[in-house]
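Novice: Got a sequence here, can you build the structure:
(one chain, ligands or ions: 1)
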Amino acid sequence: MSTTTGDPRPRVRTGPDGVAVLGWRCTGCGYPVAQQVLTCPLCREPVADSAFSPEGEVWASTCLRVRVPGHTPPYAVAYVVLDDGPRVLVRTPGDRPLPPASRARVTGTSETGDLVAVPAEEES
Ligand SMILES: [Zn+2]
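Specialist: Below is the predicted model of the structure:
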């Protein structure tokens with residue numbers, strides 16, 4: 001589902017080096033974006049395809065109790081600022097939100113197409 005045309009959620013690429021989060025980076029100022037745009041939201045220069053580190057820092061997190069198709073509440077989500085990359089929304093294990101400023105690593109996408117991340121310390 002993550003490859004569905006028009007789906008605004010970030011995609012991942014899994015290769016020999018592990019997981020990379022796909023997005024775009026401004027060719028002028030280098031600003032990273034996770035959603036497809038025609039031009040940079042900051043400087044209006046063109047953007048180019050880019051791949052970002054799967055690791056980053058939790059910016060904010062919460063436990064959601066909202067019923068959404070494909071999700072059984074409660075479940076935890078977080079915004080993670082990828083290293084040298086954009087801020088992305090991810091699902092995290094269980095219903096306990098990851099602490100802000102902790103490290104997280106994107107491991108792939110869920111069967112419903114959401115980015116999934118775990119605490120970076122748990123990844124070996
Ligand atoms: Zn720019």
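
Novice: can you give me the offset of the least confident helix or strand in the chain by mean pLDDT from its chain's centre?
Specialist: Taking mean pLDDT, DSSP states H and E as the measure, the helices and strands of the chain show their lowest mean at strand 11-15, namely a mean of 93. With Cα atoms, centre = their mean, to the nearest Å as the basis, strand 11-15 stands 11 Å off its chain's centre.

Novice: go on, stretch 31-45?
Specialist: With Cα atoms, centre = their mean, you get 16 Å for stretch 31-45.

Novice: Stretch 20-32: which residues count as buried?
Specialist: 20-21, 23-26, 31-32 (16 or more other Cβ atoms under 10 Å). From N, CA and C alone the C-beta is placed, and that goes for glycine too.

Novice: Do you know the pLDDT at the nearest residue to residue 74 once chain neighbours are set aside?
Specialist: Distance criterion Cβ to Cβ, 6 or more residues apart in numbering; nearest residue to residue 74, sequence neighbours excluded, is residue 95 at 4.1 Å. Residue-level confidence at residue 95 comes out at 95, pLDDT.
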